[in-house]
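[1] following is a predicted model, sequence given first.
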Amino acid sequence: MKKIHRSMVCVLSLALTTLSLQLIGCGTFSWNNSIEKSSDKVDSGEKVQNIIKIDLNDHQTFNDTNNDGYGEFQGWGTSLCWWANRVGYSDKLTHAASELFFDADKGLGLNIGRYNIGGGDNVTDFALSDVDNPSDFLHEAHIKRSDSIIPGYAIDITPIDLSLHPEEYYLQNYERADFSCGYAWNYNWDADKNQINVLKAASEKAGNAFIAEAFSNSPPYFMTISGCSSGNKKPARNNLRDDSYTAFACYLADVIEHLEKSGVTSFQSITPMNEPATDYWSAYSEKQEGCHFSPGESQSKIITELNRELQNKGIDIIISSSDETSINATISSYKKLSPEAKDAIARLDTHTYHGNKRKELKETALDAGINLWMSEVDGTFSLGKESGAMEAALGFADAIMQDMNGMYPTAWIMWNAADMHIDSTNEFDTLTRQEAENILNNGEPFWGVAIADHDAQELLTGKKYYGFGQFTRYIRPGFCIVKSGKDSLAAYDPQNNKLVIVTMNSNSNDELRRFDLENFDKDISEITAIRTSGAMENGENWRDVTDEDNIKKSNNFFSAQANAYSITTYIVTLQ
């Protein structure tokens, strides 16, 4: 017999009693020895629009602490800079933030907080010409955001003049004196109390799972070339003076030592730079602190100096690098580090605002034998423009999936959890309550996952918040990211034989999807489905839809309906 027509195959299949024929449409097929694994039984004749194969053979290997072959995801997080500095004055807002963002039962369950060690600036709210006897580096206030004026810890900053006093004078009367830098100073440990309040609340709410990382946007102003912690007057040039690398390293180490000894929190890691190889950190910027460190010698020097000071203090902490704004720049900057600097680094931190070399960055970290974090990103992500309230959530989910599937990092950390503020008493916060509600109800893309209303002392959330929670609440520390198909993210929990799959449908039509778990060598025992979709007023937020999601399971695959404009998480128990 040279050829069998497809219709004859369909007829013959009816006579088979011990073998099953898997049909997709009426085209391709494969033989299977178990009727229970028949896909037409699972899908009841309905057409599967998307087949997602979960490939356990391709999985995360970073951070395999128990040597079982599976890398261990460390968690989800947010930078505390700048929103914590803005809301930490209020006990009510601090508590609300800790619950919304860090509570694993009531909120997102984030467990990573990135604490910003501020450099501090020397500014006046008056015209400089009206100031009598201005101090060194004094300049007019220039930052035009209510949240990004981060205080530094250094006070009583005094030029060292050995013609006036011997070295012993400065060593005895100041907590820190650096004779190369030329300045002595004391510390005001209450300077950053707002951000510290939130850091402590987050740590307490997340419990033992909490991971703190410290980072710096800029050295203190008196260590800089421009005298301003927002950057050099020529923004593509370094702003830390050549004589102040050790002084800056000591400053960072002193802050870490104090916060740990005073019981605020323990830090797992620190990075001394933020987006250093960029050309937009300019003196007197209206936005924030920032400092350029050129790749190669400058970045290497601050890493090695910081490593030396931490070791001098006996502080056991990971140094990460380099928090570049671009994936591609992270690769380039790492390759230009000196051998000594590379030896000091245990993890690559990258932002993903720009660049596309995710696979190459993953391979760079693997080849170096170090860990990899996605340490900052956010933006006006948009997907499903006709979805109404879900537009920002779908765009955010897509960004998460691209980073997680492309790099297999052990952490994914967003920028400001609350990036916009309503405050009728603050000149920089012009957003109104009505405008904020319109943004959330309409799904307009915005930075952050919540909006802080200081007038009402509450945090407002929308679908972007709940969409984020579809990942953070169910893919937990200790899980291992595994390969999945388009519009999905999967993580395996080898300790408890569970698989979590987050799938997104950004289209206007419902889709029947099949999830193939064949290479797990385990059968499906139970499936729970959690979904976020619809409008703010009457839509779904982390709703259990197990009984209505058209779930049909077999031994090692299942099908389910992905509703239009939705994000659904499947928690699969294996046996």
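    Nice, I can see it.
[2] contacts only, for the nearest residue to residue 537 once chain neighbours are set aside.
    Using CB to CB, 6 or more residues apart in numbering and skipping residues adjacent in sequence, the residue nearest residue 537 is residue 441, 7.6 Å away. Every C-beta, even on glycine, is put in place using the N, C-alpha and C of the backbone. By CB atoms under 8 Å, 6 or more residues apart in numbering, the residues touching residue 441 are 389, 462, 535, 536, 537.
[3] and those, which are buried?
    With burial judged by 16 or more other CB atoms under 10 Å, the buried subset of the contacts of residue 441 is 389, 462, 536.
[4] closest one of these to residue 261?
    Closest approach to residue 261 among the buried ones among the contacts of residue 441 (CB to CB): residue 462, at 40.3 Å.
[5] give me the mean pLDDT for the helix or strand encompassing the residue nearest to residue 537.
    Using DSSP states H and E, residue 441 falls within helix 433-442. The average pLDDT within helix 433-442 is 98.
[6] any idea which helix or strand comes after that helix?
    Going down the chain from helix 433-442, the next helix or strand is strand 450-453, by DSSP H and E.
[7] for the residue nearest the centre of the chain, list each beta-bridge partner.
    When CA atoms, centre = their mean is applied to the chain, the residue found nearest the centroid is residue 413 (0.8 Å). Under DSSP bridges, the beta-bridge partners of residue 413 are residue 77.
[8] return the member of the contacts of residue 441 nearest to residue 494.
    residue 462 (34.9 Å).
[9] show me the contacts for that closest one.
    So, once contact is read as CB under 8 Å, 6+ apart, residue 462 ends up touching 389, 392, 393, 439, 440, 441, 443, 449, 536.
[10] quick check, nearest of those residues to residue 271?
    residue 449 (23.3 Å).
[11] returning to what we had before: in the helix holding residue 441, what counts as buried?
    Applying 16+ other CB under 10 Å to helix 433-442 flags 436, 439, 440 as buried.
[12] repeat that for stretch 168-187.
    170, 174, 176, 177, 178, 181, 182, 183, 184, 185, 187.
[13] hmm, back to that, which one of the buried ones among the contacts of residue 441 is nearest residue 151?
    Distances from residue 151 to the buried ones among the contacts of residue 441, taken by CB to CB, are shortest for residue 462, at 30.9 Å.
[14] measure that closest one to residue 158 for me?
    According to CB to CB, to the nearest Å, residue 462 and residue 158 sit 49 Å apart.
[15] same deal with residue 164?
    Counting by CB to CB - residue 164 and residue 158 are separated by 10 Å.
[16] who's more crowded, those two?
    The residue with more neighbours, out of residue 164 and residue 158, is residue 158; 17 against 8, by other CB atoms under 10 Å.
[17] just give the nearest non-adjacent residue to the more buried one, would you?
    residue 184 (5.0 Å).
[18] in what helix or strand does the one you found lie?
    strand 183-187.
[19] who touches that strand?
    153-160, 170, 173-178, 222-223, 247, 254, 258.
[20] which of those fall in strands?
    In strands, defined here by DSSP state E, the members of these are 154, 155, 156, 157, 158, 159, 176, 177, 178.
[21] any idea how far residue 325 is from residue 90?
    For residue 90, the distance to residue 325 - CB to CB - is 31 Å.
[22] swap in residue 543?
    37 Å.
[23] those two: which has the busier surroundings?
    residue 325 (21 against 16).
[24] and for the nearest residue to that one once chain neighbours are set aside, the neighbour number?
    Counting by CB to CB, 6+ apart, residue 325 lies nearest to residue 275, which is 4.2 Å off, once chain neighbours are set aside. Neighbour count of residue 275, defined by other CB under 10 Å: 21.
[25] residue 275 in helix, strand or coil?
    coil (DSSP: H, G, I helix; E, B strand; the rest coil).
[26] so what pairs up with residue 154 in the strands?
    residue 187.
[27] from memory it sits against residue 229, does it?
    No - using CB atoms under 8 Å, residue 154 is not in contact with residue 229; the gap is 11.0 Å.
[28] need the overlap of contacts for these two.
    By CB under 8 Å, 6+ apart, the residues touching both residue 154 and residue 229 are 120, 220.
[29] more neighbours, those two?
    More neighbours surround residue 229 than the other of residue 154 and residue 229, with 31 against 27 (other CB under 10 Å).
[30] give the contact list for the more buried one.
    So residue 229 contacts 119, 120, 121, 152, 217, 218, 219, 220, 221, 289, 290, 291 (CB under 8 Å, 6+ apart).
[31] 10 Å instead, please
    118-123, 137, 143, 150, 152, 217-223, 239, 281, 283, 285, 288-291 (CB atoms under 10 Å, 6 or more residues apart in numbering).
[32] how far away is it from residue 120?
    6 Å.
[33] please apply the same query to residue 428.
    19 Å.
[34] of those two, give the one with the bigger neighbour count.
    residue 120 (24 against 14).
[35] in contact with that one, which residues?
    Residues near residue 120 by CB under 10 Å, 6+ apart: 149-155, 157, 188, 191-192, 218-222, 229, 289.
[36] just the buried residues of those.
    By 16+ other CB under 10 Å, the contacts of residue 120 give 149-154, 157, 191-192, 218-222, 229, 289 as buried.
[37] and the residues you listed, which of them are in helices?
    Taking DSSP state H, every one of those sits outside helices.
[38] from the residues you listed, which is closest to residue 113?
    residue 192 (13.7 Å).
[39] and the pLDDT for the closest one?
    98.
[40] check the one 3 residues further on too.
    What the model reports as pLDDT for residue 195 is 98.
[41] I'd guessed it sits against residue 84; true?
    Yes - counting by CB atoms under 10 Å, residue 195 does reach residue 84; the two are 4.4 Å apart.
[42] comparing these two, which residue is more hemmed in?
    In this view residue 195 and residue 84 are compared by other CB under 10 Å, and residue 84 has more residues nearby, 31 against 25.
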